[in-house]
Structures are given as C-alpha cells and as structure tokens.
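Novice: Let me see the structure of the following:
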Amino acid sequence: MTRRKRPEGSRRPNGASSIYLGSDGNWHGWVTMGVRDDGSPDRRHVKRKDEAAVIDAVRELEKQRDAGKVRKPGRAWTVEKWLTHWVENIAAPSVRRNTLVGYRAAVYGHLIPGIGKHRIDKLQPEHLETLYRNLASKKGKHGKVLRPATIHQAHRTVRTALGEAVRRGHITSNPAQIARPPRIPEEEIIPFTKEEAARILRACQHRRNGVRFVIALTLGLRKGEALGLQWRDVDFAARTLSVRRSLQPVKWQHGCTPENPCGRRHAGHCPDRHGGGAIAQEVKSRAGRRVVAIPVPILEALRQHQRDQLQEREQAGNLWQDEGWVFASPIGKAVHPRTDHDEWKDLLKAAKVRNARLHDARHTAATMLLVLGVPGRAVMEVMGWSHVGMTSRYQHMTSELMTSIADQIGGFFWAEDDQDDGDEGSAGQPVAV
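Specialist: Residues are numbered from 1 along each chain as shown. So this is what the prediction gives:
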C-alpha cells in the first residue's frame, strides 16, 4: 500500500481503508469490513508503533474481507466463554444425552482448564497440540494416565465446537482442523472362526434370550439395536425385522437438593434418582434405520422365543410389564445393556470360546458377508452403514478365506489337464494365460 498525496479537492472513496499517524505517536489503520446487523458500516481498527506494521495489519484485514472470511464485530470471545455457550446452548438441545455427557466431560474437564484463557480468534493449532501432550501425562480420577481415546475425544469436541464458531462468524478458520491429535493404537480385532461361531450358536439354543446373540452373530445388529427390538418390528409373514430404535444406558441424575443432599457420590445410589436407566432412542442415522431379511432358522428360533416369553408372562402374572420388547427381563422390562454384557460373557464360557467383545460378533457378521461374496452396497444396507469405507474396518481376511483364495489361484494357474499326451498345461505345469 503506497501512500500518495491526492489532488487538491478530491477525497478517498467510500469504504476505502485509511492510515494515519495519531497524536499519541502510534500509527492507526481503519478498514471497512462490511455492514453491521443494524446497517451501519463495520469499521475495524488496528494500531501499531510504526507505519509498515500498520500497513501489514490493514492488508491482512483487507485480505480476510476479500476472501469472505470476516469474523463478527466486537471483542472476540475467550475459548472458555465460547465452549460454555456452545455446549449448554447449542449442543445441549440438539444432541443425545450420552453425547452431551461426553461433550461436557471434555469441555469442563480438559479443554477449559487447558486453553480456556485464550481468545478464540488467537487460538493456534500449536496451543491444542500442547494441550494434548499435557493431557497425555495427566492422571485421571483413578490415578491412571489418560487414555489416547480420551484425549482424542477432547480433540473431536473442540473441533466440533470451533467448527460451529466458524459457521457463526466468530472466527474465520478452525485451528482444530489442523492440529494433530495423538494416534490411537489400533486394536486388533479377530472375528470368530466358523467353528467358534458354531459353538456359540449351539450354546444359544439352551439359554434364555439366546436368539438375541444369534441375531448379533449372523445379522450384525448393534447391541442397542438388538435390545431395542419390539415384537411390532418383526414381520413373520415377510420374514423381516425393522431396526427403528436403539436401547442406550443413560446415567442417573441426583433427585436430592443441595439443602438436603443424599450423601451418595454416584447419582445411581441416590434414593430420589431420576432420568437414568435403559432408554430407547431413535437410531443415529438414516442408514441405521433399516429393514433386514431374516433367515429361516432365525425366524423359527424367534417363533419359539415368542412362545417361551408367553409362558414367562403367565408365570409372572401381575408382575409382568407389557412393554413389547422382543428380549425382555423375566417381568417384561427392557434388558439393561450391562446385564446383556454379562450374559454375553457367560455365553462365551458356556460355549468354551475365547473371551471377546460383543461388538466382535458384528465384525464376524460383516466378515461372513465378505466370505459369501455379498456386494458392498448390499453389505451397507444389512449392516446399517452410511459409507462404504466401513467395509474395510469391519470385514477381515480370515484364514479360511485366504486359503480359499489360494486354492482358486492354484486352480487357475495349475489346472489339471485330463489329457495324457504330456502337452503344456498338464497337471503340475503352469497354464498359459
């Protein structure tokens, strides 16, 4: 920006930037960035000790204006003020309760104490990376160092919060998009073999609600999706089940008052607790809301399960609470996910199968579809995925599949020739391609 003397009687055009030496000895610059909400010009002021520095500052504001990256006028928020506003006023009314619990834990437990004093428009990726390193050496409530997954949760939370700040014009770019979070060690997942799956299926035949784990192993329903099934979701005539809801554990809230506290640390032990337990919620995505075809053996198992449940209902009498759950407690209530977890562990012991997560059954179901050669688009529909990239995460190369591929390669390149004339291409010789 070169300062030249204008012809006498002329004036700078409306909206042009201005630079001058003030009576205070500092150089001042004013840049018109746009129009305020009330219609008045949005003029931004910068002040520097020398002219070159103020010219650079003015040029930077003009560059932001020309690129359409202009933050809102007024004093910039601190990170603490923005995160508090975001989590309580923007996230709280729109996200699931369990998601909000995670957001609040990250905001109040890690982000505000670590970077809360920064101005939101001055926050740099390096500030976040320093925070992540500090958290990696920080000990949690039980005296253990924070897991990388916990730090990664804090990173995802601040990235989401600052992304909203960009959309609302409080900042022009999101530093959390650039900051590098710690790497989460990839957990080795080994799907069940065909023999292991057969053992589990046999053990399910003699267990109450055993078909619930048959569905997990063969159809790949998530834990909450299977526990959230109701009989109205099962169409025996069409041989389908509809996934509409997910049963999720929700933390209890204290019902006591500060004036008369219960004295219990955990809200689950409060005599007046409320708002917790196993609560049915809509599935997270449109892809998760799906209709799955039922194989005939599972259909017959569901019919038998329905008959067994009717007998339990008669035995429970007035204690039975008819909530319509396919997999219910002995008195008809929803099965809590924690109880379901314990049942799964007992099932593995009864089947004499290695210890594994229940979610590994979902990986097994996805891998089975790979073995069967089911197209990727169809796999997405069955498993309830929004992106085809999930197949690489859930479908694994088993030893049986690798052996089958090796046999096919061998059969292609070393095909046996029934002719006995000794020509090229006979048994044990490469076939010309």
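Novice: drop to CA atoms for contacts and neighbour counts, all remaining ones
Specialist: OK.
Novice: what about the helices in the stretch 251-400 of the chain?
Specialist: Applying DSSP state H, counting those that start in this stretch to the stretch 251-400 of the chain gives helices spanning 296-316, 337-351, 359-371, 376-383, 390-394, 399-413.
Novice: quick one, which of those helices is packed in tightest?
Specialist: Among these, the stretch with the highest mean neighbour count (mean count of other Cα atoms under 10 Å) is helix 359-371, at a mean of 23.
Novice: which strands and helices sit next to that one?
Specialist: Contact partners of helix 359-371 among helices and strands, from 3 or more Cα pairs under 8 Å, 6 or more residues apart in numbering; DSSP states H and E: helix 211-219, helix 376-383, helix 390-394.
Novice: Go through those helices and name the closest to residue 365.
Specialist: When the helices and strands packed on helix 359-371 are compared by Cα to Cα, helix 211-219 sits nearest residue 365, at 5.1 Å.
Novice: Tell me how far the helix or strand just after the closest one lies from the chain's centre.
Specialist: Next helix or strand after helix 211-219 toward the C-terminus (DSSP states H and E): helix 223-227. Relative to the chain's own centre, helix 223-227 is displaced by 17 Å; criterion: Cα atoms, centre = their mean, to the nearest Å.
Novice: List the buried residues for helix 223-227?
Specialist: Within helix 223-227, the residues that qualify as buried by neighbour count (16 or more other Cα atoms under 10 Å) are 223-227.
Novice: same question, stretch 46-60
Specialist: Residues 46-48, 51, 54-55, 57-59 are the ones in stretch 46-60 that count as buried (16+ other Cα under 10 Å).
Novice: which residues are in contact with that stretch?
Specialist: With contact meaning Cα atoms under 8 Å, 6 or more residues apart in numbering, stretch 46-60 is reached by 1, 17, 19, 21, 25-31.
Novice: Check stretch 376-390 too.
Specialist: With contacts defined as Cα under 8 Å, 6+ apart, stretch 376-390 is touched by 219-221, 285-292, 366, 369, 391.
Novice: same thing but at 6 Å, please
Specialist: By Cα atoms under 6 Å, 6 or more residues apart in numbering, the residues outside stretch 376-390 that reach it are 287-288.
Novice: Just the terminal-to-terminal distance for that stretch.
Specialist: Terminal residues of stretch 376-390 lie 10 Å apart, using Cα to Cα, to the nearest Å.
Novice: still on that earlier bit, let me have the helices of the stretch 251-400 of the chain in TSV, adding distance to residue 177 and mean pLDDT as columns.
Specialist: Formatted as TSV, these follow (distance: least, Cα to Cα, whole Å; pLDDT from 0 to 100):
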stretch	distance to residue 177	mean pLDDT
helix 296-316	46	96
helix 337-351	35	96
helix 359-371	30	93
helix 376-383	28	91
helix 390-394	22	88
helix 399-413	39	84
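Novice: Among the contacts of stretch 46-60, which lie within helices?
Specialist: With DSSP state H as the criterion, helices contain none of the contacts of stretch 46-60.
Novice: of those residues, buried ones?
Specialist: Neighbour counting with 16+ other Cα under 10 Å marks 17, 19, 27-31 as buried within those.
Novice: nearest to residue 103, of these?
Specialist: Closest approach between these and residue 103, by Cα to Cα: residue 31, at 37.9 Å.
Novice: what residues are up against that closest one?
Specialist: For residue 31, the contact set (Cα under 6 Å, 6+ apart) comprises 17, 43-44.
Novice: Could I get the pLDDT score of the residue nearest to it when sequence neighbours are not counted?
Specialist: Nearest residue to residue 31, sequence neighbours excluded (Cα to Cα, 6 or more residues apart in numbering): residue 17, at 4.6 Å. According to the prediction, residue 17 has pLDDT 85.
Novice: that older thread, now, among the buried residues of helix 223-227, which is nearest to residue 173?
Specialist: Nearest to residue 173 out of those is residue 224 (Cα to Cα; 36.9 Å).
Novice: show me the contacts for the closest one.
Specialist: Going by Cα under 6 Å, 6+ apart, residue 224 touches 246-248.
Novice: Next: residue 120.
Specialist: Here residue 120 is in contact with 77-79 (Cα under 6 Å, 6+ apart).
Novice: Filter the residues you listed down to the ones in strands?
Specialist: Within these, no residue falls in strands by DSSP state E.
Novice: As TSV, the contacts of stretch 46-60 with distance to residue 335 would be great.
Specialist: Formatted as TSV, those follow (distance: Cα to Cα, whole Å):
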residue	distance to residue 335
1	71
17	67
19	71
21	74
25	74
26	71
27	70
28	68
29	67
30	65
31	63
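Novice: Relative to residue 337, how far out is the nearest residue to residue 264 once chain neighbours are set aside?
Specialist: Distance criterion Cα to Cα, 6+ apart; nearest residue to residue 264, sequence neighbours excluded, is residue 270 at 6.0 Å. Per Cα to Cα, residue 270 is found 21 Å from residue 337.
Novice: ok, residue 78 touching residue 121?
Specialist: No - using Cα atoms under 6 Å, residue 78 makes no contact with residue 121, being 8.3 Å away.
Novice: Now do the contacts for residue 65.
Specialist: By Cα under 6 Å, 6+ apart, the contact list for residue 65 reads residue 33.
Novice: What does it show for phi and psi?
Specialist: Dihedral pair for residue 65: phi -60, psi -50, per degrees, to the nearest 10.
Novice: and the gap between it and residue 217?
Specialist: According to Cα to Cα, residue 65 and residue 217 sit 56 Å apart.
Novice: One more: residue 281?
Specialist: Residue 281 is 23 Å from residue 217, where distance means Cα to Cα.
Novice: on that earlier part again, out of the helices and strands packed on helix 359-371, which gets nearest to residue 130?
Specialist: helix 390-394 (30.3 Å).
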